[in-house]
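Visitor: prediction below, plus the sequence it came from.
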Amino acid sequence: MIVLDSHIIIWDALSPEKVSKKAKEAIYHANDEDGIIFCDISLWEIAMLIKKERVRIDIGYQDFLNLVLSSNKYIIHRITPEVAELSVNLSDTVNKDPADRIIAATSVINMAPLVTADIW
């Protein structure tokens with residue numbers, strides 16, 4: 001199991017050439033195994049990026065999201081009390097963006113590698 005950062009989800013759907021070989025391999029193996037964690041905060045992030053026109057799609061958000069969710073073995077994970085607590089207690093060296101901190105905390109709590117362009 002792996003956790004995908006929001007931008008990797010978007011890139012995998014719209015610009016797969018931006019996804020590194022190592023990340024593609026991790027996604028491929030996770031699809032064959034126990035799946036890919038899709039943090040529920042990514043639902044919000046993707047909606048905001050579309051609203052701000054930083055991500056452009058030719059269909060509605062709901063239709064786009066349904067296509068994305070059907071493209072991989074995604075498992076949507078909600079923000080649990082443990083994730084919320086860890087996200088506010090992560091080191092200051094972790095990205096200060098609240099959504100990124102929630103995604104990172106989800107990765108730690110689930111002991112699943114985080115696939116992000118920041119590391120991969």
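Guide: That came in fine, so what should we check first?
Visitor: where do the strands sit along the chain?
Guide: For the chain, the strands defined by DSSP state E cover 2-4, 36-39, 74-77, 114-115.
Visitor: which one of those lies closest to Ser91?
Guide: Proximity to Ser91, assessed across the strands of the chain by C-beta to C-beta, is greatest for strand 114-115 (14.5 Å). Any C-beta I mention is one placed from the backbone N, CA and C, and that applies to glycine too.
Visitor: I'd like to know which elements that closest one is packed against.
Guide: strand 2-4, helix 21-32, helix 98-109 (3 or more C-beta pairs under 8 Å, 6 or more residues apart in numbering; DSSP states H and E).
Visitor: quick check: mean pLDDT of the second one?
Guide: In this model, helix 21-32 carries a mean pLDDT of 96.
Visitor: mind listing what's buried along it?
Guide: Residues 23, 26-27, 30 are the ones in helix 21-32 that count as buried (16 or more other C-beta atoms under 10 Å).
Visitor: run through this structure and note the low-pLDDT ranges.
Guide: Scanning the chain for pLDDT under 70 picks out the ranges 118-120.
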